[in-house]
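Participant: Task: produce atomic coordinates for the following.
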Amino acid sequence: MPKNEDPFPGPSMFDLRGKQSVRATFKLSQKAIDAIGLVAVHMGIKQKSLFDHIIEDMEALDDLAQTIRIRQFKKIPRRQKTFVLSRKTIDALASISETYGMPRDALVEYSIQKLESVIQTEKLRHGERKKLQSALDDHFRTGEKLYATASKILGRDDPFCRKMEKSILTSRKTLEEINIFLEKSKVLEDF
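Facilitator: Presented below is the predicted three-dimensional model:
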């Protein structure tokens, strides 16, 4: 093995430091706070991962910083909220903030606004899911009626009916999971 070759290849200390979690407090609008929470919960993404995704891209953050109007930003009522972010995301914010002489809060606020198109798309999809849920409920009830008819004709112990019963139980469980998902998704309706 050559002298300068690393005997333990893998992530460097710098790579590991970038993944380190840190707490950071920002003053954000309630709408931004709600948006980050809604997307994280609805899509099952950790807030830290969401922040990493929307802030870590230095080029996009740089472009965004050039469009922010601080006077407009200062007019937004805001409150403090603490989040867990990666060290790499914090460093990206600090770098762009310093370059443009702009508060990190503004960069975070306007970065989160990028999520609004995702939320609006999900809101439309939620409406469609609710319509499909109604059709699925009808389909399930039809299956239950067919099973009841088959049980009367063949008896519950008939192999055909046992397989049908298994299908009905699986469908019921799936329907319950869909209903839970749609209930959690109701937060989209008021956004």
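Participant: Kindly format the C-alpha coordinates of the helix or strand where residue 80 lies as PDB.
Facilitator: Per DSSP states H and E, residue 80 falls inside strand 79-86. What follows is strand 79-86, C-alpha atoms only, in PDB (Å, rounded to 0.1, in the frame of the first residue of the first chain):
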ATOM      1  CA  ARG A  79     -42.400  34.500  15.300                       C
ATOM      2  CA  GLN A  80     -39.400  32.400  16.500                       C
ATOM      3  CA  LYS A  81     -39.300  28.800  15.700                       C
ATOM      4  CA  THR A  82     -36.400  26.400  16.300                       C
ATOM      5  CA  PHE A  83     -35.600  23.600  13.800                       C
ATOM      6  CA  VAL A  84     -33.000  20.900  13.600                       C
ATOM      7  CA  LEU A  85     -30.800  21.300  10.400                       C
ATOM      8  CA  SER A  86     -27.600  19.800   9.100                       C
END
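Participant: Report all helices and strands that that strand contacts.
Facilitator: Helices and strands touching strand 79-86, as assessed by 3 or more CB pairs under 8 Å, 6 or more residues apart in numbering; DSSP states H and E, comprise strand 21-28, helix 30-43, helix 47-55. (C-beta placed from N, C-alpha, C; glycine too.)
Participant: so how far is it off the chain centroid?
Facilitator: When distances are taken as CA atoms, centre = their mean, to the nearest Å, strand 79-86 is centred 16 Å away from the chain's centroid.
Participant: what's the answer for stretch 69-82, then?
Facilitator: The answer for stretch 69-82 is 24 Å, by CA atoms, centre = their mean.
Participant: Parallel or antiparallel, list what pairs with the strand holding residue 80.
Facilitator: If you go by DSSP bridges, strand 79-86 pairs up with strand 21-28 (antiparallel).
Participant: For the partner strand, what is the distance to the chain centroid?
Facilitator: Taking CA atoms, centre = their mean, one finds the center of strand 21-28 at 18 Å from the center of the full chain.
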